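Trainee: Have a look at this fold, sequence not included:
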């Protein structure tokens, strides 16, 4: 019995000894594991610290490099910079008479006659020689033949690095002066490719327009092109029932007002066919009993039928307080009633905002036609309104000229809306909401197509491709992301003080009107720039 007890005790000791050994092993294992994890954590923190230091060094180095690079490459020019960079006049040795002016060896130079010899000098910054005015003018408004190949320069700059915003890195702390505003406007116009659109709606001074008459040798070049295509006899043949206001001379004056219209014979023929077709639909008698085919009944009406002595509702928005009435406020007659802005002229221009904008182009002052809208029905403005509408882009719609000359290139969104190059697109531009996208051609659209084909034939247009895509029954409205969605309006640049930017939605300030950028900056930042 005692032997058994002894064995039991020895067994317990052995068991306890084994447990102690296991505990020690487990403790050592845990201790080693903790030490290993501690080392790993320390190593991780150490690595993160050094990586963080390296990242910080890289960021600081990049910032310093960028800062000094900016200072080196984009330092502001001194006030006298542009003048100092213009080289002195060059005596060319060519004999001339006092007052003679011509282009220099490039469009950036001008030659003036001094003491019987031409002296060449460089045009000021952002300007080039204009063959129409014989002076240095803004690049985007100038027309110049540069080189022996007769290439016409329109101010398009190929190297975009020359048209970057030179002052974009500056923080504006004070209002800019007039020269800086004009330079900024010119840069933005060139940078966004609006030179062509702005030049197409540029206008001739009214004093020069008043001089235009049939067969006058000094008529502007585009007027002479039109005279070669449509004579006074042709005009009477095409529009025998026209109102007395629509004279051949008025037609030539309307053409002359816009030097960018009918610059070449081919585009002029097509432009006239389109315009004649549309204003025949808008102002035609549409009366089969008059003894003339309907395509020859255009320009019969001068004012919207039934609205000559009544308002017809076109002044209903005049009392509203919107940016449209603030920009182009309706004027009142001596009787205290709002003037009637009903349809007048070949385009049947209507509403105060259209009269106001048209007046800006015709007179440089929106108030002229707002005060006297009847001028559109009494002068050559009756035909000028149709040409103006033909030339004006209306984002997302392109101008009709942009459709004809290929400037408007339909993109995928236009294709989805079935907007393809052709006469039908011009109908969509002028009255798409009423006549297009109806599934079948409406009578108005059919009339326009008929008239276009007849004028197409009368003007002897050889390119038959324009007799395709005449209708618009399957066309949808122009998409906001289509090829015609140009940014042609100025709006406040919220990211930069004393700056405006280009947007595609309508505002009171048009990028196609010279000086509207200045007016935008003045209005948005409540300053006066002189």
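Mentor: Received it, and whenever you're ready, just let me know what you need. Small disclaimer: the values here were computed from a predicted structure and weren't measured.
Trainee: In a strand, residue 129, correct?
Mentor: Yes: the assignment for residue 129 by DSSP: H, G, I helix; E, B strand; the rest coil puts it in a strand.
Trainee: ok, it - contacts?
Mentor: Neighbouring residues of residue 129 by C-beta atoms under 8 Å, 6 or more residues apart in numbering: 103, 104, 107, 108, 109, 110, 123, 135, 136, 142, 144. From N, CA and C alone the C-beta is placed, and that goes for glycine too.
Trainee: Next one, pLDDT for it please.
Mentor: At residue 129, the pLDDT value in this model is 81.
Trainee: Could you check how far it is from residue 122?
Mentor: From residue 129 across to residue 122, the span is 10 Å (C-beta to C-beta, to the nearest Å).
Trainee: rewinding a little: pull out the buried residues from the contacts of residue 129.
Mentor: For the contacts of residue 129, a burial check counting by 16 or more other C-beta atoms under 10 Å picks out 103, 104, 107, 108, 109, 110, 123, 136, 142, 144.
Trainee: With respect to residue 305, which of these is nearest?
Mentor: Taking C-beta to C-beta as the measure, residue 305 sits nearest to residue 142 out of those, at 43.6 Å.
Trainee: Hmm, the closest one is touching residue 110, no?
Mentor: No: counting by C-beta atoms under 8 Å, residue 142 does not reach residue 110; the two are 10.8 Å apart.
Trainee: and of the buried ones among the contacts of residue 129, the nearest to residue 206?
Mentor: Among the buried ones among the contacts of residue 129, and counting by C-beta to C-beta, the member closest to residue 206 is residue 142, at 20.9 Å.
Trainee: any shared contact partners between residue 129 and residue 122?
Mentor: Common neighbours of residue 129 and residue 122 (C-beta under 8 Å, 6+ apart) are 104, 108, 109, 110.
Trainee: now the residues you listed in JSON lines, with distance to residue 194, secondary structure and pLDDT?
Mentor: Listed next are these as JSON lines, based on distance: C-beta to C-beta, whole Å; DSSP: H, G, I helix; E, B strand; the rest coil; pLDDT from 0 to 100:
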{"residue": "104", "distance to residue 194": "26", "secondary structure": "coil", "pLDDT": "78"}
{"residue": "108", "distance to residue 194": "20", "secondary structure": "coil", "pLDDT": "77"}
{"residue": "109", "distance to residue 194": "25", "secondary structure": "strand", "pLDDT": "80"}
{"residue": "110", "distance to residue 194": "24", "secondary structure": "strand", "pLDDT": "84"}
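Trainee: and which of these is nearest to residue 98?
Mentor: residue 110 (15.7 Å).
Trainee: Might you list the low-confidence residue ranges for the stretch 151-300 of the chain?
Mentor: Applying pLDDT under 70 to the stretch 151-300 of the chain flags residues 151-173.
Trainee: Show me where it has its strands.
Mentor: 152-153 (DSSP state E, counting those that start in this stretch).
Trainee: mind listing the helices for it?
Mentor: With helices called from DSSP state H, counting those that start in this stretch, the stretch 151-300 of the chain shows them at 178-191, 195-200, 206-209, 221-229, 232-238, 248-257, 265-283.
Trainee: Of the ones you listed, which is nearest residue 351?
Mentor: For the helices of the stretch 151-300 of the chain, the distance to residue 351 is smallest for helix 265-283, at 15.4 Å, taking C-beta to C-beta.
Trainee: Now do that closest one: which elements does it pack against?
Mentor: Using 3 or more C-beta pairs under 8 Å, 6 or more residues apart in numbering; DSSP states H and E as the contact test, the elements touching helix 265-283 are helix 221-229, helix 381-391, helix 400-404, helix 423-435, helix 443-458.
Trainee: now for the second one, which elements pack on it?
Mentor: Packed against helix 381-391 by the contact rule (3+ C-beta pairs under 8 Å, 6+ apart) you find helix 248-257, helix 265-283, helix 352-363, helix 400-404.
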